[in-house]
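Asker: no sequence on this one, just coordinates:
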């Protein structure tokens with residue numbers, strides 16, 4: 001089967017299912033896994049070249065509505081009668097269902113069920129760990145600095161915050177994305193500031209910029225240097241890699257309990273045909289859960305040093 005992906009999160013979902021070999025083209029912003037680098041590029045995810053798409057004669061196109069403006073891609077696919085499905089996940093449960101749906105459309109429903117079960121198991125493992133944390137820190141997620149955009153309650157980052165042992169600072173607002181201002185954030189006094197600017201490379205995100213915001217230099221999170229510059233691709237794309245981001249976030253804030261698991265060999269209870277990165281992180285969670293059973297823990301031992309994660313950043 002010949003598959004085309006029109007956004008990075010869909011490309012990553014295909015990899016999670018183990019069907020990357022079926023990809024015949026991807027959007028310009030898809031950057032993972034590395035082996036897609038030689039595939040034909042179909043243009044930016046908001047301006048897909050539909051002539052290229054049609055010329056490739058795909059059996060299935062994975063479209064998306066994860067970013068406003070993608071509707072025109074869907075409309076053009078319908079107009080040209082190109083076989084496609086549209087994914088628009090807003091939660092971890094949605095991503096789980098997208099794994100099942102995509103695998104069904106590809107003709108491999110059993111793989112989708114297996115991947116969904118594994119994805120759900122990772123979430124439950126993280127929930128087990130985070131449930132033992134009594135004092136959960138509040139996390140301010142910054143998608144864009146001016147005007148300020150941050151995720152609200154109806155967004156996967158609220159769930160990622162929770163399973164990582166924290167709380168989304170704007171979880172009280174029933175929206176997927178909230179436009180606010182620096183004063184509002186200051187008044188809410190977050191424990192951590194998480195910078196993940198959409199479409200901006202990580203090396204161009206200067207955490208010192210928050211010091212120039214009125215009153216922010218007196219914020220406790222700034223005084224304690226609790227400013228995290230995080231990889232956008234692990235937090236701002238609605239794909240199964242969000243769990244990888246959750247694990248990283250948890251390890252940064254509770255290092256004593258989320259120590260890096262060095263053994264990358266396949267665990268005997270994990271199906272041997274799963275992609276290598278999935279085996280690694282599943283094993284990682286098994287280790288964390290076993291360690292959690294032996295330790296009681298709280299956030300009193302949070303390491304407040306800032307995090308510097310050099311990694312490219314792109315759009316959803």
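Answerer: Arrived safely. On a predicted model such as this, the values are computed, not experimentally measured, just so you know. Numbering: from 1, shown residues only.
Asker: may I see the buried residues of the strand or helix carrying residue 95?
Answerer: Secondary-structure element containing residue 95, defined by DSSP states H and E: helix 92-106. Of all the residues in helix 92-106, those buried under the rule 16 or more other C-beta atoms under 10 Å are 92, 95, 96, 98, 99, 100, 101, 102, 103, 105, 106. From N, CA and C alone the C-beta is placed, and that goes for glycine too.
Asker: now stretch 183-196
Answerer: By neighbour count on 16+ other C-beta under 10 Å, the buried set for stretch 183-196 is 185, 186, 190, 191, 192, 193, 194, 195, 196.
Asker: adding distance to residue 250, secondary structure and pLDDT, write those residues out as a markdown table.
Answerer: Compiled in a markdown table, the buried residues of stretch 183-196 are given as follows (distance: C-beta to C-beta, whole Å; DSSP: H, G, I helix; E, B strand; the rest coil; pLDDT from 0 to 100):
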| residue | distance to residue 250 | secondary structure | pLDDT |
| --- | --- | --- | --- |
| 185 | 23 | helix | 98 |
| 186 | 26 | helix | 98 |
| 190 | 17 | coil | 97 |
| 191 | 14 | coil | 94 |
| 192 | 12 | strand | 95 |
| 193 | 17 | strand | 96 |
| 194 | 13 | strand | 96 |
| 195 | 18 | strand | 97 |
| 196 | 16 | coil | 95 |
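Asker: nearest to residue 216, of those residues?
Answerer: Of all the buried residues of stretch 183-196, the one sitting nearest residue 216 is residue 186; the distance, using C-beta to C-beta, is 6.1 Å.
Asker: and the closest residue to that closest one other than its chain neighbours, how close does it get to residue 179?
Answerer: Nearest-residue entry for residue 186: residue 215, 4.9 Å, with adjacent residues in sequence omitted and distances by C-beta to C-beta, 6 or more residues apart in numbering. Per C-beta to C-beta, to the nearest Å, residue 215 is found 20 Å from residue 179.
Asker: try residue 212
Answerer: As it turns out, when the distance is counted by C-beta to C-beta, residue 212 lies 20 Å from residue 179.
Asker: can you check residue 6 too?
Answerer: Between residue 6 and residue 179 the computed distance is 26 Å (C-beta to C-beta).
Asker: low pLDDT regions in the stretch 101-250 of the chain?
Answerer: Along the stretch 101-250 of the chain, segments meeting pLDDT under 70 are nowhere present.
Asker: which parts of it are helices?
Answerer: Applying DSSP state H, counting those that start in this stretch to the stretch 101-250 of the chain gives helices spanning 109-130, 156-163, 182-188, 220-223, 242-253.
Asker: for the second one, name the packing helices and strands.
Answerer: It refers to helix 156-163. Other elements packing on helix 156-163 under the criterion 3 or more C-beta pairs under 8 Å, 6 or more residues apart in numbering; DSSP states H and E are helix 92-106, helix 109-130, strand 138-142, strand 167-168, helix 242-253.
Asker: same check on the fourth one?
Answerer: Helices and strands touching helix 220-223, by 3+ C-beta pairs under 8 Å, 6+ apart, are strand 192-195.
Asker: ok, residues contacting the strand it packs on?
Answerer: Surrounding strand 192-195, the residues in contact under the criterion C-beta atoms under 8 Å, 6 or more residues apart in numbering are 137-142, 166, 205, 207, 210, 221-222, 226-230, 235, 249, 253.
Asker: got the contact list for the helix holding residue 95?
Answerer: Contact with helix 92-106 is made by 1, 3, 13-14, 16-17, 19, 22, 60, 62, 85, 87-89, 109-113, 115-116, 119-120, 123, 156, 159-160, 238-240, 242, as judged by C-beta under 8 Å, 6+ apart.
Asker: all strands for this protein, in order.
Answerer: Under the criterion DSSP state E, the chain contains strands at 3-5, 23-26, 60-64, 84-87, 138-142, 144-145, 148-151, 167-168, 177-180, 192-195, 227-229, 307-308.
Asker: count the neighbours of residue 217 for me.
Answerer: 11 (other C-beta atoms under 10 Å).
Asker: residue 211 is in contact with that one, correct?
Answerer: Yes: distance between residue 217 and residue 211: 5.3 Å, which falls inside the contact criterion (C-beta atoms under 8 Å).
Asker: hey, what's in contact with both of the two?
Answerer: Residues touching both residue 217 and residue 211 by C-beta under 8 Å, 6+ apart: none at all.
Asker: between the two ends of stretch 202-212, how far is it?
Answerer: 19 Å (C-alpha to C-alpha, to the nearest Å).
Asker: for it, which positions count as buried?
Answerer: Counting neighbours by 16+ other C-beta under 10 Å, one finds that the buried residues in stretch 202-212 are 202, 205, 207, 210.
Asker: residues touching the third one, list them.
Answerer: If you count contacts by C-beta under 8 Å, 6+ apart, residue 207 has them with 193, 195, 227, 229, 306.
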